[in-house]
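Student: Got a sequence here, can you build the structure:
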Amino acid sequence: MMLNEETAVPSAALPVAEFRDHLRLGTGFADLGAEDAALEGYLRAALAAIEGRTSKVLLARDFLLELEHWHGEECQPLPLAPVSALRVLRMRDREGNPTVIDPARYRLVRDMSRPRLEAVAGLLPGIPVGGVAEIAFTAGFRPGWADHPWTWRRRSLLLAAQYYETRHEGAAQGGAGGCGSCVRAAPPGMTARPQADQRFRDGTRVFHRILAVSEADPRGRYLTLFHP
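Tutor: Numbers count the residues shown, from 1 in each chain. Model prediction:
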């Protein structure tokens, strides 16, 4: 299984100004833009941590799930919730040639904990030998920050503030410096991709616990690992 985020959370959707007010930071300085970029990173890390721990997507966006085999012959659970739409189901053979499946053959079963793709009648279409099934879907509670309940917004700001306030502790303890380390990315779902609550390791040496993982660039080639 491989899960890819097709659309990232746009910068305009993140409450940088609200976060600045929450931290009671000053305004009107010449380097305000650089500081706002750092604040955006802490917000993204907080959202990634909350979504990773709950398997719930806060800000709605598009995902692509690739499978080499079905979990069951009649239905396939989806790894994130809530799912609002199945955009397309297609098969790719071993050469990568796509075949789009008729939407009349499947449906979305909405569930806050375990949404799933389900065959309308009979079984799900067979996955080609050596190929994959691709499920494109949209997941997330709401598209905008202000649309979310106050409790969710408050929790995200508090966690982002924690990352901000501990940003220098890694350097003081001989860590990578700041609150984040940048590493080359591995695709979502791969065991080589770092996850929250894992620890840095070098042979038998064990270092800081990873608090959250966030993509460091729009193309997802690098990850920022946030740690104490």
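Student: Next up, the contacts around Val213.
Tutor: Each residue near Val213 by C-beta atoms under 8 Å, 6 or more residues apart in numbering is listed here: 45, 48, 52, 193-196, 223-226. Quick note: C-beta positions are derived from backbone N, CA and C, even for glycine.
Student: what does Met1 give?
Tutor: When contacts are taken as C-beta under 8 Å, 6+ apart, Met1 is in contact with 65-68, 79, 189.
Student: got the buried residues for the biggest helix by length in the chain?
Tutor: Selection of the longest helix in the chain by residue count, based on DSSP state H, yields helix 32-54. Within helix 32-54, the residues scored as buried using 16 or more other C-beta atoms under 10 Å are 36, 39-51.
Student: elements contacting that helix?
Tutor: Using 3 or more C-beta pairs under 8 Å, 6 or more residues apart in numbering; DSSP states H and E as the contact criterion, the elements in contact with helix 32-54 are helix 16-23, helix 150-165, strand 212-215, strand 222-226.
Student: I'd like those as a markdown table, with mean pLDDT and distance to Arg87 appended.
Tutor: Conversion of the helices and strands packed on helix 32-54 to a markdown table gives the following (pLDDT from 0 to 100; distance: least, C-beta to C-beta, whole Å):
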| stretch | mean pLDDT | distance to Arg87 |
| --- | --- | --- |
| helix 16-23 | 89 | 30 |
| helix 150-165 | 87 | 25 |
| strand 212-215 | 70 | 21 |
| strand 222-226 | 71 | 26 |
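Student: Could you check the ones you listed and tell me which one is nearest Val183?
Tutor: Val183 lies closest, by C-beta to C-beta, to one member of the helices and strands packed on helix 32-54: strand 222-226, at 5.4 Å.
Student: Show me the longest strand that occurs in the protein.
Tutor: Here the longest strand in the chain is taken by residue count, with DSSP state E as the criterion, and it is strand 83-92.
Student: Give me the distance from it to the chain's centre.
Tutor: Average the C-alpha atoms of strand 83-92, do the same for its chain, and the two points are 18 Å apart (C-alpha atoms, centre = their mean, to the nearest Å).
Student: Now for Gly122, how many residues are close by?
Tutor: By the other C-beta atoms under 10 Å criterion, the neighbourhood of Gly122 contains 9 residues.
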